[in-house]
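Trainee: Pasting the sequence and the predicted coordinates here, then a few questions.
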Amino acid sequence: MSHPGPGCSLGPHVFYEKSAEDLHRRHAFTLSSEPPPTLSEDVVLDVAALDCEMIYTTAGMSVARVSVVDGEGKQVFDEIVRPDPGVRVIDYITRFSGITAELLETAVLDLVSIRQALRAFIGPNTILVGHALENDLKTLRMVHHRIIDTCILFPHKSGPPYRRALRDLVSDKLQKMIQTGGQTGHSSIEDAIATLDLVRWWIANEKPLKEKKAVS
């Protein structure tokens, strides 16, 4: 069925790789592990919130910025990711990612180096908080078993595969506005902090109700 008018926007043709096997062949997944022996285990966080910004490349959807805050919302990691050799950017999707060609040029660490750096903060026992975390972990090629996902804490009324947007959740539950950058895109630090605030709201408001229902 054809549409009677022009599309709402124009952009380059992109693709999104969903197969875990194909992703693993392109860049192997790794299990979150203990910090390198050169670092003290004391720096590993009990709770961390993670958010990534993605761009479209010739390797599919690729991570371009990785941000981590601790359980108090303090920034501990924020890095731009250097694309692998031979990989071209197709669309920076700046209005969502906040990534520009100039910003990507400043990147020093590639994906492997980013994962190694994250080991200083995220160990196998770290509780990782985020929104739709499987997307972040997939582009990072990380496997982590202890997570709190705000998509699951606050399910869509229509059920899967529908999900509530992070911006809408924050507006509804916290009466705050995020992602107001317009064409300049999102802030992954702001989004990571927002997921922590939502978890705190859930613990204070939803958890007691669920426990009360379970008892009755």
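Mentor: The structure has been received and is ready for your questions. Numbering: from 1, shown residues only.
Trainee: Surely residue 164 is in contact with residue 154?
Mentor: Yes. With contacts counted by CB atoms under 8 Å, residue 164 reaches residue 154, the gap being 5.6 Å. For every residue, glycine as well, the C-beta is placed using N, CA and C.
Trainee: Isn't residue 185 up against residue 94?
Mentor: Yes. Using CB under 8 Å, residue 185 is in contact with residue 94, at 5.3 Å.
Trainee: Enumerate the positions of the helix or strand where residue 191 lies that are buried.
Mentor: Under the criterion of DSSP states H and E, residue 191 resides in helix 188-215. Using 16 or more other CB atoms under 10 Å as the test for burial, helix 188-215 gives 188-199, 201-202.
Trainee: can you redo those residues as CSV with distance to residue 85?
Mentor: Output for the buried residues of helix 188-215, formatted as CSV (distance: CB to CB, whole Å):
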residue, distance to residue 85
188, 25
189, 28
190, 32
191, 29
192, 29
193, 34
194, 35
195, 33
196, 36
197, 39
198, 38
199, 38
201, 44
202, 43
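Trainee: Please identify which of those is nearest to residue 73.
Mentor: residue 193 (4.6 Å; CB to CB).
Trainee: Might you report the residue contacts of the residue lying closest to the closest one once chain neighbours are set aside?
Mentor: The shortest distance from residue 193 to any non-neighbouring residue, by CB to CB, 6 or more residues apart in numbering, is to residue 73 (4.6 Å). By CB atoms under 8 Å, 6 or more residues apart in numbering, the contact set of residue 73 is 49, 193, 196, 197.
Trainee: Please name the spatially closest residue to the third one (chain neighbours excluded).
Mentor: Among residues not flanking residue 196 along the chain, residue 49 sits closest, at 4.8 Å (CB to CB, 6+ apart).
Trainee: so what's the one you found up against?
Mentor: Taking CB under 8 Å, 6+ apart, one finds 68, 69, 70, 71, 73, 128, 129, 130, 192, 193, 195, 196 in contact with residue 49.
Trainee: what do you get if the cut-off is 7 Å, keeping everything else the same?
Mentor: Residues counted as contacts of residue 49 (CB atoms under 7 Å, 6 or more residues apart in numbering) are 68, 69, 129, 130, 192, 193, 195, 196.
Trainee: sorry, back to before: kindly list the main-chain dihedrals of the residue nearest to residue 193?
Mentor: phi 90, psi 10 (degrees, to the nearest 10).
Trainee: Check the gap between it and residue 129 for me.
Mentor: Distance, residue 73 to residue 129, by CB to CB, to the nearest Å: 11 Å.
Trainee: Residues that sit against both of those two, list them.
Mentor: With CB under 7 Å, 6+ apart as the test, residue 73 and residue 129 both reach residue 196.
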